[in-house]
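Asker: structure of the sequence below:
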Amino acid sequence: MSVVTSIRKSLVPIHREGYPFIAIAVVIALGLMVFSTFLGMIGVGLAIWTALFFRDPPRVTPVRDGLVVAPADGRISQVGLARPPRELDLSDEPLLRVSIFMNVFNVHVNRAPVTGRIERLAYKPGLFLNADLDKASEDNERNGLVISTPLCRVGVVQIAGLIARRIVSFVREGESIGAGERFGLIRFGSRVDVYLPVGTRVQVSEGQLTVAGETVLCDLSAQQPRETAYRVS
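Answerer: Below you'll find the predicted structure:
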C-alpha cells in the first residue's frame, strides 16, 4: 500500500454537498491572510471547521429485522408522546417520538432508521427557532418521510435549527431504502425526530449520545406494543 493510499484511507470522507462551502471558506481565508496573519488564521480555522461539518464517515449498521437505528449523530433530547406533523399523514393520535439534537460539531449526514419503502416525502417551510425547543417540531422548516416496513410505518423528520438554513434530501417517494443508508443532510445545527408505534420499548434514554446508522433505538420484532407512561408534548 502506497503512502498516498494510506493517507487517503485515514482521512474522513467529505460529502459532496460541502464542496462549495469549503471552497468559499478557503477563499475567505486567503483573502483575510492578505490583510492580516491573525485574521487569516481565523479564516483557516473556519475553513477547517466547514470541512469537518460536512464529514461523512463510514458506518457499520447492525443487520436484523426489526431494528431501528439512530438517524443522526447527536444527543437524545426527548423521548415521549407527540403528534407527528400533519403533512406526513402518519397518525392523528400521539406516537412515541425520539428526538435527536445535533450541534454544529456533529456529523450532519442523516441515515435511514429502518429498511423499507419511502411511502411519503413532505417538505414544509417554516421558522428557524432553536431546534432543541419542543415547539420547533411544529414551527420550524422541516422535511419528513414515512418509511413503510413489514412491521409498521416509521416517521422521520429533519428539523432545521437556529443556524440551519437548508434541508437537503437525497431520496424520492416510492424508493426502497436500507437501514443506515443516507437519506439527507441538514446544514449547520438541527434536529431529527423518529416516530414509532405507541408502546415501543426504546433502548436509549434522554441525554444519551447517538451515532447515525449504528446506535440501536429499539427492536420492533422483539416486543409487543404495550401501554407505557410517557409525557405528551
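
Asker: so who does Leu121 touch?
Answerer: Asn143, Gly144, Leu145, Ser169, Val171, Arg172, Glu173 (Cβ atoms under 8 Å, 6 or more residues apart in numbering). From N, CA and C alone the C-beta is placed, and that goes for glycine too.

Asker: same check on Ile48?
Answerer: Here Ile48 is in contact with no residue (Cβ under 8 Å, 6+ apart).

Asker: thinking again about what came up before, of all the contacts of Leu121, which two lie farthest apart?
Answerer: Gly144 and Arg172 (14.0 Å; Cβ to Cβ).

Asker: when these two are compared, which one has more neighbours?
Answerer: Gly144 (22 against 9; other Cβ atoms under 10 Å).

Asker: okay, and that one sits in which element?
Answerer: strand 142-148 (DSSP states H and E).

Asker: roughly how far out does that strand sit from the chain middle?
Answerer: Counting by Cα atoms, centre = their mean, to the nearest Å, strand 142-148 is centred 12 Å from the centre of its parent chain.

Asker: quick check: neighbours of that strand in the sheet, parallel or antiparallel?
Answerer: Sheet pairing of strand 142-148 (DSSP bridges) gives strand 116-124 (antiparallel), strand 153-160 (antiparallel).

Asker: what's the pLDDT at the residue located most distally from the centre of the chain?
Answerer: In terms of distance from the mean C-alpha position of the chain, Phe35 ranks first, at 38.5 Å (Cα atoms, centre = their mean). If you check Phe35, the pLDDT there is 85.

Asker: are we agreed that Tyr19 is in a helix?
Answerer: Yes: counting by DSSP: H, G, I helix; E, B strand; the rest coil, one finds Tyr19 located in a helix.

Asker: contact partners for the closest residue to it other than its chain neighbours?
Answerer: Closest residue to Tyr19 apart from its sequence neighbours, by Cβ to Cβ, 6 or more residues apart in numbering: Phe54 at 8.0 Å. The contact partners of Phe54, taken as Cβ under 8 Å, 6+ apart, are Ile14, His15, Glu17, Gly18, Tyr19, Phe21, Ile22, His108.
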